[in-house]
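**Student:** any chance you can model this:
(one chain, ligands or ions: 1)
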Amino acid sequence: MTGAASQSKRPNPVPMTILTGFLGAGKTTLLNRLLRDPALAGAVVLINEFGEIGLDHLFVEKIDGDMVMLASGCVCCTVRGDLVDALEKLLRDRDNGRIRAFDRVIIETTGLADPAPVLHTLMSHPYFLMRFRLDGVVTLVDAVNGAATLRAHPEALKQAAIADRLVLSKTDMLDDDEKRRAFAELTHRLAEINPTARVLDAIKPIGAADLLNAGLYDPETGSLNIRAWLNAEALEREACGVCGEVHDHDHAHHDHDHAHHHHGGHDEAIRSFCLTSAEPLSLDACGLFLEMLRSAHGPNLLRVKGLIALSDDLERPLVIHGVQHVFHPPVRLSAWPDADRRTRIVFIVKDLQATFVNGLYRAFAGQPAVDTPDAAALGANPLAPRSGGLLG
Ligand SMILES: Nc1nc2c(ncn2[C@@H]2O[C@H](COP(=O)(O)OP(=O)(O)OP(=O)(O)O)[C@@H](O)[C@H]2O)c(=O)[nH]1
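**Tutor:** Residues are numbered from 1 along each chain as shown. Below is the predicted model of the structure:
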């Protein structure tokens, strides 16, 4: 068979949703609700334990020890050990006809897990990149305990920071002033950490359609849904005119030393901002910019999503998507998604200043700010990463 013929037989990448949230946040409760939704009849759900999710009333058929078919048609599968092994087995079973073709995968992570390694697996595994496409991250947050959990547990902060959808559970339990205060603190904090995520209330009717298709690809139109995916507008509305950093209204009076002191003893280090620039980058400069960010500040880049204008062909921007040091292979678009031709990159970061990232971009765009190195100086640094990295 020729390469082209074998390529044409390759199934379309299957969308994949990550369902995360801290211990007891309500992941299983939400999943149990979703599994009845006919929109998920063709889905496979990867969970930790069958017992946890109380499948008895939905169960119809055991496929093998780790896999059951539910009344809705959805397949439920427990992950023992390694996620990579479980996904490889899933693809083998599908390709060999042991299970029917599925049109979506949902992975429920354990409550204590940092979800970033799951995303890394999907973004960097060469075979999974062909067979799956990351649709989105849905994070459950407990309305009553969420504020305290975010304060005490860095994993919970990360789960909220990388979400495309934030689902607030237990909003029916806000029955006294103390709980309502905690909830107000939580919603304020979530808006600081991740203003681009869509926030939903779990006690309202939530269906698969509200949570799925949060990614780049729009299955309705078959096109890339960049604006909704990026949701840069949520940040641009709030961006500070002086430093480009995002502040909520309480902090509009900040000084410009970028020491943003929040009240209430929060972990202030997580913040989000949108880098916006009318200046394109050359391919080399773009490779260096991303590689420098990734290699020097990878652990601090909780999530980076963006569209970069490239000077070699101004009509064809580059889509980037990274979680910490791992970036999905960048995708060159055939055209801009709208009339806005500016580079727009949404950053959710820990301990990293917007001024630093903006300055780095300006240096590579040939517009170094006063007292900052230009691209030649940055590139001449023998410790700097070589160009080409992320862009091959
Ligand atoms: N009142 C109320 N209770 C809820 C809601 N969502 C979940 N719960 C309850 O909270 C508890 C924990 O919910 P789970 O769905 O098991 O949470 P989980 O995130 O899967 O928990 P782990 O698997 O332990 O991490 C259960 O007793 C649920 O019934 C909600 O919206 N309102």
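**Student:** select the helix or strand of the chain having the lowest average pLDDT value.
**Tutor:** Using mean pLDDT, DSSP states H and E, the weakest-scoring helix or strand in the chain turns out to be helix 3-8, at a mean of 45.
**Student:** next structured bit after that one?
**Tutor:** Going down the chain from helix 3-8, the next helix or strand is strand 14-21, by DSSP states H and E.
**Student:** neighbouring strands of that next one in the sheet, and parallel or not?
**Tutor:** Counting by DSSP bridges, the strands paired with strand 14-21 are strand 104-108 (parallel), strand 132-142 (parallel).
**Student:** highest mean neighbour count out of those strands?
**Tutor:** For these, average neighbour numbers computed from mean count of other CB atoms under 10 Å are highest in strand 132-142, which has a mean of 25. Any C-beta I mention is one placed from the backbone N, CA and C, and that applies to glycine too.
**Student:** around the ligand, pick out the residues from the protein.
**Tutor:** Residues of the chain found near the ligand (CB under 6 Å from any ligand atom) are 21, 23-29, 52, 111, 140, 169-170, 172-173, 202-203.
**Student:** now, of these, which are buried?
**Tutor:** Taking 16 or more other CB atoms under 10 Å as the criterion, what is buried in those is 21, 25-29, 111, 140, 169-170, 202.
**Student:** taking those together, which two end up most distant?
**Tutor:** Comparing all pairs in those by CB to CB, the longest separation belongs to 111 and 202, at 15.7 Å.
**Student:** that older thread, mind checking which of the buried ones among the residues of the chain next to the ligand are in helices?
**Tutor:** Of these, the ones assigned to helices by DSSP state H are 27-29.
**Student:** can you put those residues in a markdown table and add pLDDT?
**Tutor:** Rendered in a markdown table, the data for those read as follows (pLDDT from 0 to 100):
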| residue | pLDDT |
| --- | --- |
| 27 | 90 |
| 28 | 87 |
| 29 | 89 |
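**Student:** between the residues you listed, which sits nearest residue 333?
**Tutor:** For these, the minimum distance to residue 333 (CB to CB) is 34.1 Å, reached by residue 27.
**Student:** wait, that closest one touches residue 33, no?
**Tutor:** No: using CB atoms under 8 Å, residue 27 is not in contact with residue 33; the gap is 11.0 Å.
**Student:** average pLDDT for stretch 346-354?
**Tutor:** The pLDDT scores in stretch 346-354 average 91.
**Student:** end to end on that stretch, go ahead and measure it.
**Tutor:** Using CA to CA, to the nearest Å, one end of stretch 346-354 lies 11 Å from the other.
**Student:** residue 272: neighbour count?
**Tutor:** Residue 272 is flanked by 24 other residues according to other CB atoms under 10 Å.
**Student:** again, but for the one 10 residues further on
**Tutor:** Under the neighbour criterion other CB under 10 Å, residue 282 is assigned a count of 16.
**Student:** ok, the closest residue to it other than its chain neighbours - how many residues close by?
**Tutor:** Nearest residue to residue 282, sequence neighbours excluded (CB to CB, 6 or more residues apart in numbering): residue 311, at 5.1 Å. Close neighbours of residue 311, defined as other CB under 10 Å, add up to 14.
**Student:** kindly report the same for residue 78.
**Tutor:** Counted with other CB under 10 Å, residues neighbouring residue 78 total 18.
**Student:** what's across from it in the sheet?
**Tutor:** Counting by DSSP bridges, the residues bridging with residue 78 are residue 47.
**Student:** gap between residue 151 and the ligand?
**Tutor:** Counting by CB to the nearest ligand atom, to the nearest Å, the gap from residue 151 to the ligand is 18 Å.
**Student:** which element is that residue on?
**Tutor:** Assigned by DSSP H and E, residue 151 falls within helix 146-152.
**Student:** mean confidence (pLDDT) on the very next helix or strand once past that helix, please.
**Tutor:** Helices and strands here follow DSSP H and E; after helix 146-152, the next one along the chain is helix 154-161. Taken as a whole, helix 154-161 has a mean pLDDT of 91.
**Student:** roughly how far is helix 154-161 from the heart of the chain?
**Tutor:** Distance of helix 154-161 from the chain centroid (CA atoms, centre = their mean, to the nearest Å) equals 12 Å.
**Student:** show residues contacting that helix.
**Tutor:** Residues outside helix 154-161 that contact it (CB atoms under 8 Å, 6 or more residues apart in numbering): 20-22, 112-116, 139, 141, 146, 149-150, 166, 190, 193-194, 197, 267, 270, 272, 302-303, 348, 350.
**Student:** pull out the buried residues from it.
**Tutor:** Applying a neighbour-count criterion of 16+ other CB under 10 Å, one finds 155-161 buried in helix 154-161.
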